[in-house]
Every structure is written in structure tokens, then in C-alpha cells.
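Trainee: sequence-free structure coming up:
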Ligand SMILES: C[S@@+](CC[C@H](N)C(=O)[O-])C[C@H]1O[C@@H](n2cnc3c(N)ncnc32)[C@H](O)[C@@H]1O
């Protein structure tokens, strides 16, 4: 047995001693290549849907509810110091539990968690250059994380030398450790819904545990596999709804976090019960297949940013990539693509009104290459006459999609400008992928190539609609709505009710 295998075995023994149960006749853990996720689980026999692969006592999950640190600091201080907001509290608990060494209940678990990551958060400037054109770097949230560390976490640590001895600060409570713990949470935590009446829900402790902002994987009610508990976004970038925060504990869930995920392959999911969590198969699984959890079939940009890997599958239209890819187009780029004849003051007024009405500041193109309806709506607003615009504003309703040549010209210009944000072409990237590449570079190329392919498809779609319109008699041109009568499609859903959370 290699050293890594021995470590994994001793971790699994710890798990079982703590009350965790694994059906070892049905499932085993093994090592894949790093590009394929390192550790993972495989089925040892055929299993039907609903087979219990393993169970985890709630007491073995690591959260601000289960760690003793919040109680030692005191619930009032915990809240006052904003340890109940975002992930700072859980990060501090994980740091503190690590510092406790053998006396921490989770020592063996914490020792198995990664200390290095393939996520761009840890890349140097040269590697980050490979992501130019994607919005990944803008969303890393490194500065925000550093601010939270310096302004929120460190003052707590320095205020209680009895809990955080001075000589341990430089070892366990550093900024580097803060990023490591944050990355562990980002890539491995679960939103675990509280069970009604669970200890602490009505007591002072429940206030202590009211913390959560984001996590990696879903947990479902035992009775409903469709009742998704949607993932929050990362804490380093976004705020989540307080209501949702009240209902879940962001938790590190030993063993459940050993499962990898790949687009469209989920065959197991975590369900919660009053005292334990259960990993069940969600479809029949054959012996030898990998057990896949779901991370939500995310686009490669998000997978890379959160988890440090990308999904590369055969695509229906040929080539390889992630069918869940998307590309984002910022509304300010749409504004830059407008004809100079539209006065700046009008542009600003329209943008302000559009955002107030719930329009999105980022327009998302998906792999189906459809033109997002919000994009069409936004551009239409700029093309309305002052009278039409006033009518729309008086009604307080965004206009319906109407696709015509002036609108498509702007769409095409915006897409071309977006494409120019990438320093390399699609052909460059395809050639690069045939060579010998570092994992980081390969992953970055798949992210940007997936986005560019969508942009190219959307551009071709827009050009095709424009040509179809040009061929039509002039009296029918303006009547086309949303491209329905054209072969190529535009998206038909209305504007989102919330601004995008980036
Ligand atoms: C929840 S953990 C899964 C267990 C992990 N493989 C391990 O060795 O501990 C998530 C991490 O696994 C890796 N991973 C998961 N799915 C993957 C995939 N399809 N391809 C490559 N890496 C994957 C990524 O590094 C990700 O951050």
C-alpha cells in the first residue's frame, strides 16, 4: 500500500469509528489521474437506484454548529464580530480545529484535505494571462477575501490569546491558511439544511449557527430528489439571501466530499435525515462505474474557479468541451457597440431604468447559441423613439422582443467586440490543445475556447437572422418577433427579476 492509500484507510477508519457507515461491498475509493480528479469512488457491484452508499452522522460534519469554538468565544461575541456572516466563521473553526491537533474531533479528516489547489486563486500572473477574455479573474475575489481576513478574522484571533496563542498565529491563522480553508469550503462543502428541532435551533446556539453563504454541493430531502437546495455563490464575491442563510449550515461533510462530478453524469446524491446524512444512488449504477455527485452541471469557467478542473466531453455538434458552458456579455460592452448617434445622456437614462426594472447587467449566451432575450430587450430600448420610450417607461414594462436589422447590427458588433477580448483565436486554441500543456494551461484553454465557440455560434446565428430579414419583403421585416419566424432562434424568456450575481 502506498502512503496515500494508508492515509485514506486511516481516514476511513476514523470515519467508521465516529459512527459513519460505508457499504464496502458496493463502493470503494481509488485514485485517478490529477486531471481526472485524484481521489474518487467506484461501484464494486451493480446497484439499483436508491442504494445507500454511506451514511454520515450529523455530529461528524464540521460546521460552526458542531465545532466548539463559537461557544468558547461566546454567541454574542461571535455575532458582534460578524463570524456569523459568510464563511469567515467556518474558516476560523477549521483553522482552530487544525490548531487543536490530536484533540480535535476532526484531526484525521482535516489531515486528508488538500493544501494545494489548481484553482486560479493560486495562479501566478503568467498563468492568469491564459484566462484573458474570460471573466474568471474578475470573479476570484482575492482582495475581498484578504479584506475579510484582515478586518474580520484577524481581530478576533488577536483578541483572545487564550484561544489563539500568539505562537500559533503565524502557523495556523495566516492569510495563506485563510485562502486554503476558503478553497476547501468552496470546492468541498455542502449546504446542509437543518432538521426541525435539531439541537440549537431554538436556543442561543441557533443564532450562533446562522451562518452560510455558499457551498459546493447539493443535499436533498430524502423524499424528493428534485427538491434541490440550490448552491449559493461564493462568499468571496457575493452576498446571498439571508432567508436561505437561516436554513442551512455550510458544512464540511467527510467522505461525501470524496466524490467527483462531471457534466450530466450524476448517479449519487446526499440526502438528509434528522440525525444523519445519506449518500444514495439516484439511478442504477453498474460495477466499475465511477460514483458521481453533482456540482450542478456548471460551465467550465465556474468549475475552474471553484474546483480547479474543467469538464471535457464529446459535444453533440462535434469537438470537445462542456455542454454546460456559457459566455457572458456585459451590458457596458453592449453600450459600446451602440451607434454614436444615440446621445450619452439617453444611454445612461435607459440603462438606469432598465436596471431598476430588473434588467440584467450581464447577458448570458448558452451553448444553444440563442440570442438572449434580455439582450434584445436592452438593445431595443436604445432604438425606441423618445415617444415610444416614454410609453414603455410609463407602462413600467420592458418592451417585447422585436428583431430587426438595426438591432441585429448592434448584436453583431457587440459579439465581435466581445470576441476581440480574447487574445487568441479559436484556431490558435485548437492547435495549442494538440501540444503538451501544463494542466493549468490546458484548463484555461478549454474555458476560453468553450466561450469563443458559443460567441462564434451566436454571431453566425445573428448574421443568419439578418440575412433572412434582408430577403423578406420590407412590410414584413419589422413584424418579426424574437426571431420566431426565422430558422435561427432567439431566446424567448423575459428579463430576470434579479440583477445578476457575479
Ligand atoms: C469534492 S472534491 C472530490 C474529491 C477529490 N477528487 C479528492 O481527491 O479529494 C472536489 C475536487 O475534486 C476534483 N474533481 C472533481 N470532479 C472532477 C472532474 N470531473 N475532473 C477533474 N477533477 C475533479 C477537483 O479538484 C475538485 O476541487
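Mentor: Noted; the coordinates are in hand. Because the structure is a prediction, the values reported are computed rather than measured.
Trainee: spell out which residues of the chain are next to the ligand.
Mentor: Within reach of the ligand by C-beta under 6 Å from any ligand atom, the chain has these residues: 36-40, 187-188, 257-262, 307-309, 311. In short, each C-beta sits where N, CA and C put it, glycine included.
Trainee: so which of those residues are in strands?
Mentor: 39-40, 260-261 (DSSP state E).
Trainee: who wins on neighbours among those?
Mentor: Within these, neighbour counts (other C-beta atoms under 10 Å) peak at residue 261, which reaches 23 neighbours.
Trainee: give me the beta-bridge partners of that residue?
Mentor: Per DSSP bridges, the residues bridged to residue 261 are residue 293.
Trainee: make a ChimeraX selection of whichever of the residues of the chain next to the ligand turn out to be buried.
Mentor: With 16 or more other C-beta atoms under 10 Å as the criterion, this ChimeraX line picks the buried residues out of the residues of the chain next to the ligand:
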select :37,39,40,187,188,257,258,259,260,261,262,307,308,309,311
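Trainee: hmm, which two among the ones in strands among the residues of the chain next to the ligand are most spread apart?
Mentor: For these, the farthest-apart pair by C-beta to C-beta is 39 and 261; their separation is 13.0 Å.
Trainee: export the ones in strands among the residues of the chain next to the ligand to CSV and tack on pLDDT?
Mentor: Formatted as CSV, these follow (pLDDT from 0 to 100):
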residue, pLDDT
39, 94
40, 96
260, 97
261, 96
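Trainee: please report how far residue 377 lies from residue 11.
Mentor: Plainly put, residue 377 is 52 Å away from residue 11 if you go by C-beta to C-beta, to the nearest Å.
Trainee: let's have the ones in strands among the residues of the chain next to the ligand in CSV, adding distance to residue 430.
Mentor: Output for these, formatted as CSV (distance: C-beta to C-beta, whole Å):
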residue, distance to residue 430
39, 31
40, 29
260, 26
261, 26
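Trainee: quick check, nearest of those to residue 162?
Mentor: Nearest member of those to residue 162, counting by C-beta to C-beta, is residue 39, at 37.4 Å.
Trainee: who's in contact with the spatially closest residue to residue 281 that is not a sequence neighbour?
Mentor: Closest residue in space to residue 281, ignoring its immediate chain neighbours: residue 51 at 4.5 Å, by C-beta to C-beta, 6 or more residues apart in numbering. When contacts are counted by C-beta atoms under 8 Å, 6 or more residues apart in numbering, residue 51 is found next to 23, 26, 280-281, 285.
Trainee: give me the element the residue positioned nearest the centre of the chain is part of.
Mentor: In the chain, the residue lying closest to the centroid (C-alpha atoms, centre = their mean) is residue 302, at 5.2 Å. Using DSSP states H and E, residue 302 sits in helix 300-307.
Trainee: show the subsequent helix or strand relative to that helix.
Mentor: Counting by DSSP H and E, what follows helix 300-307 is strand 313-314.
Trainee: for that following strand, packing partners?
Mentor: Counting by 3 or more C-beta pairs under 8 Å, 6 or more residues apart in numbering; DSSP states H and E, the packing neighbours recorded for strand 313-314 are strand 320-321.
Trainee: okay, and for the stretch 101-250 of the chain, where does confidence drop off?
Mentor: Filtered on pLDDT under 70, the stretch 101-250 of the chain yields the residue ranges 196-246.
Trainee: in terms of contact, does residue 83 touch residue 157 like I think?
Mentor: No: assessed by C-beta atoms under 8 Å, residue 83 is found out of contact with residue 157, at 11.0 Å.
Trainee: any shared contact partners between the two?
Mentor: Common contact partners of residue 83 and residue 157 (C-beta under 8 Å, 6+ apart): residue 92.
Trainee: more neighbours, those two?
Mentor: residue 83 (25 against 19).
Trainee: residues touching that one, list them.
Mentor: If you count contacts by C-beta under 8 Å, 6+ apart, residue 83 has them with 64, 70, 73, 89, 92, 152, 156, 211.
Trainee: likewise for residue 178?
Mentor: Residues counted as contacts of residue 178 (C-beta under 8 Å, 6+ apart) are 91, 95, 145, 149, 153.
Trainee: check the residues you listed and tell me the two furthest apart.
Mentor: 95 and 145, at 13.9 Å, using C-beta to C-beta across these.
Trainee: what comes up buried for the helix ranked longest in the chain?
Mentor: Longest helix in the chain by number of residues (criterion: DSSP state H): helix 439-471. Buried positions in helix 439-471, judged by neighbour count with 16+ other C-beta under 10 Å: 440-455, 457-459, 461-462, 465-466, 468-469.
Trainee: and it, what does it pack against?
Mentor: Applying 3+ C-beta pairs under 8 Å, 6+ apart, one finds that helix 439-471 makes contact with helix 125-129, helix 300-307, strand 320-321, strand 326-330, strand 362-366, helix 405-420, helix 426-432.
Trainee: and the gap between residue 278 and residue 15?
Mentor: Per C-beta to C-beta, residue 278 is found 14 Å from residue 15.
Trainee: I misspoke; the intended subject was residue 129.
Mentor: 42 Å.
Trainee: what ranges does the stretch 101-250 of the chain have for its strands?
Mentor: Counting by DSSP state E, counting those that start in this stretch, one finds strands in the stretch 101-250 of the chain at the ranges 189-193, 219-220, 248-252.
Trainee: out of the ones you listed, which one sits most buried?
Mentor: Highest mean neighbour count of the strands of the stretch 101-250 of the chain: strand 248-252, a mean of 26 (counted as mean count of other C-beta atoms under 10 Å).
Trainee: counting contacts, what elements does that one pack onto?
Mentor: Using 3+ C-beta pairs under 8 Å, 6+ apart: strand 248-252 touches helix 88-99, helix 175-188, strand 189-193.
Trainee: CSV for these, including distance to residue 430?
Mentor: Converted to CSV, the helices and strands packed on strand 248-252 look like this (distance: least, C-beta to C-beta, whole Å):
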stretch, distance to residue 430
helix 88-99, 40
helix 175-188, 29
strand 189-193, 36
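Trainee: what residues go with each domain of the chain?
Mentor: Here the domain parsing of the chain from automatic domain parsing is 3-308, 321-477.
Trainee: mean confidence for the shortest one?
Mentor: To tie it back to what came earlier, the one meant is domain 321-477. For domain 321-477, mean pLDDT rounds to 93.
Trainee: now find how far off-centre it is within its chain.
Mentor: 23 Å (C-alpha atoms, centre = their mean, to the nearest Å).
Trainee: wait, residue 111 sits on residue 4?
Mentor: No: Residue 111 is beyond contact range of residue 4, at 11.9 Å (criterion: C-beta under 8 Å).
Trainee: picking up where we left off before, give me the contacts around the helix holding residue 302.
Mentor: With C-beta under 8 Å, 6+ apart as the test, helix 300-307 has contacts from 119-121, 134-136, 139-140, 186-187, 216, 234, 295, 298, 309-311, 321-322, 324-326, 443-444, 446-447, 450-451.
Trainee: same deal with stretch 164-172?
Mentor: 95-96, 98-99, 157-158, 173.
Trainee: next one: stretch 109-123
Mentor: Contact with stretch 109-123 is made by 7-8, 11, 14-15, 34, 62, 94, 97-98, 104, 127-128, 131, 136-137, 140, 142, 179-180, 183-184, 186-188, 252, 254, 304-309, 439-440, 443-444, as judged by C-beta under 8 Å, 6+ apart.
Trainee: likewise stretch 422-438?
Mentor: Identification of contacts with stretch 422-438 by C-beta under 8 Å, 6+ apart yields 132-134, 441-442, 445-446, 448-449, 451-453, 456.
Trainee: can you pick out the most distant pair from those?
Mentor: The span of these, defined through C-beta to C-beta, is set by 441 and 456 at 21.6 Å.
Trainee: show me what contacts the residue in the stretch 101-250 of the chain positioned nearest to the ligand?
Mentor: As assessed by C-beta to the nearest ligand atom, the ligand sits closest to residue 187 within the stretch 101-250 of the chain, at 3.7 Å. By C-beta under 8 Å, 6+ apart, the contact list for residue 187 reads 117, 119, 216, 306-308.
Trainee: good, we can wrap up now.
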